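In: Following is a predicted model, sequence given first.
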Amino acid sequence: MKVPPPGAGARRKASFAGLYVFLITIIMFFAGFTSAMVLRRVASEDWKSTPTPDLLWINTAVLGLSSLAAEKARRELRTGDRKQFNFAWILATLLGGGFVVGQILMWQQLQHQGVYLNSHPGSAFFYVGTIAHALHLAGGWLWMSYLAFRALRLELGPGRRTSVDLATLYWHFLGLLWLYLLWLFWYWGR
């Protein structure tokens, strides 16, 4: 059994604390976004709802499956099963990339329907919210891709799981944030 290097526990705690601070800033951003959207919706007479393409729901399922695969990978890494970890982590990463591609296709579908960022306040909030989420998700996807590369080089194992734990937590957070945005657009965006 490998003994963790001195200070590993403190570094792990500091890494999680840093992630929590970052997550709080994202929550604050989207709280401000929500506030602005609700106030604009309530105070406006020119608000129009933005159509929700079917691809939006497919993308949601893809992101959910990606989150499940990341969680499975995290658990497999903990048990030391690198083969299963690599498979699940790469699957999670590919599905995450599929979500981003799906979002781009969804925005193109909206544009083909004549719904643009500047079409009306409802579409502006829809685009800004989904693009802001996609940018945060793209950062997480790059992190996951880097970890997938390291995993394929067999540089990750049970003793070096902090990055995987952090990336998985961030990924789950983005999945929950996505569900919140869907609710926000459904409830207040109509």
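Out: Perfect, I can see it now.

In: Which phi and psi values does Leu156 adopt?
Out: Main-chain torsions, Leu156, degrees, to the nearest 10: phi -120, psi 140.

In: Near it, how many other residues are there?
Out: 21 (other C-beta atoms under 10 Å). Glycine gets a C-beta too; all of them are placed from N, C-alpha and C.

In: so how far is Gly80 from it?
Out: Relative to Gly80, Leu156 is positioned 11 Å away (C-beta to C-beta, to the nearest Å).

In: Count residues in the vicinity of Lys48, would you?
Out: That count, for Lys48 with other C-beta under 10 Å as the rule, works out to 14.

In: wait, Tyr180
Out: Tyr180: 15 surrounding residues under other C-beta under 10 Å.

In: Looking at the chain, which helix is longest?
Out: Ranked by residue count and defined by DSSP state H, the top helix of the chain is helix 8-43.

In: helix or strand right after that helix?
Out: The helix or strand immediately downstream of helix 8-43 is helix 54-79, counting by DSSP states H and E.

In: check contacts around Ser44.
Out: By C-beta atoms under 8 Å, 6 or more residues apart in numbering, the residues touching Ser44 are Pro121.

In: With the one 3 residues further on instead?
Out: The neighbours of Trp47, taking C-beta under 8 Å, 6+ apart as the test, are 40-41, 120-122.

In: can we see that at 6 Å?
Out: 41, 121-122 (C-beta atoms under 6 Å, 6 or more residues apart in numbering).

In: so how far is Phe125 from it?
Out: Distance, Trp47 to Phe125, by C-beta to C-beta: 9 Å.

In: returning to what we had before: over the longest helix of the chain, what's the mean pLDDT, rounded is fine.
Out: The average pLDDT within helix 8-43 is 95.

In: change the start of the numbering to 536 and stick with it
Out: Done: numbering now begins at 536, and the last item shifts to helix 543-578.

In: Before we move on, what's the pLDDT of the residue nearest to Arg575 when sequence neighbours are not counted?
Out: In space, and not counting its chain neighbours, Arg575 is closest to Pro656: 5.5 Å by C-beta to C-beta, 6 or more residues apart in numbering. Pro656 carries a pLDDT value of 94.
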